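> Predicted model and sequence below, questions to follow.
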Amino acid sequence: MAGIQALANLAPALHDPNASLLPDLSDVREVSVHVAAAIVRQACKEGRTRDETVLKVVNGELGEGLEEFIRGSMWDPVSTARYTTLMRSVS
């Protein structure tokens with residue numbers, strides 16, 4: 001439910017009745033961060049995670065917020081392509 005509520009809170013139609021119910025696809029990475037953070041927070045509240053790093057991030061013990069942690073953990077196709085190109089040039 002936390003993920004659904006997080007996505008619903010991002011609906012453009014909340015601000016413009018003629019707008020879409022879902023955020024624009026161009027915002028998918030940021031929407032994903034917002035939804036993931038809501039799900040992680042709810043899982044922690046319900047005691048459904050034992051991962052010490054996640055618990056520390058959620059409790060603010062590692063110096064970065066949950067959203068920043070999630071962004072840093074996301075796959076980035078641009079960085080991956082640059083890394084692959086770099087590694088090919090080195091080998």
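Arrived safely.

> just the strands in this structure please.
Assigned by DSSP state E, the chain shows no strands.

> List the buried residues in stretch 20-32.
Buried residues in stretch 20-32, defined by neighbour count with 16 or more other Cβ atoms under 10 Å: 23, 31. For every residue, glycine as well, the C-beta is placed using N, CA and C.

> gap between the one residue sitting closest to the centre of the chain and Ala8?
Central residue of the chain (Cα atoms, centre = their mean): Val33, 1.7 Å from the mean position. According to Cβ to Cβ, to the nearest Å, Val33 and Ala8 sit 16 Å apart.

> Also Arg29?
Distance from Arg29 to Ala8, by Cβ to Cβ: 19 Å.

> can you count the residues close to the closest residue to Ser20 other than its chain neighbours?
Closest residue to Ser20 apart from its sequence neighbours, by Cβ to Cβ, 6 or more residues apart in numbering: Pro12 at 5.2 Å. Neighbour count for Pro12, taken as other Cβ atoms under 10 Å: 15.

> so how far is Arg50 from Pro12?
Distance of Pro12 to Arg50, computed by Cβ to Cβ: 37 Å.

> follow-up on the earlier one: so the residue nearest to the centre of the chain sits against Ser73, correct?
No: the criterion here is Cβ atoms under 8 Å, and Val33 misses it with Ser73 at 9.8 Å.

> In the protein, what helix or strand scores lowest on average pLDDT?
Counting by mean pLDDT, DSSP states H and E, the weakest-scoring helix or strand in the chain turns out to be helix 77-90, with a mean of 70.
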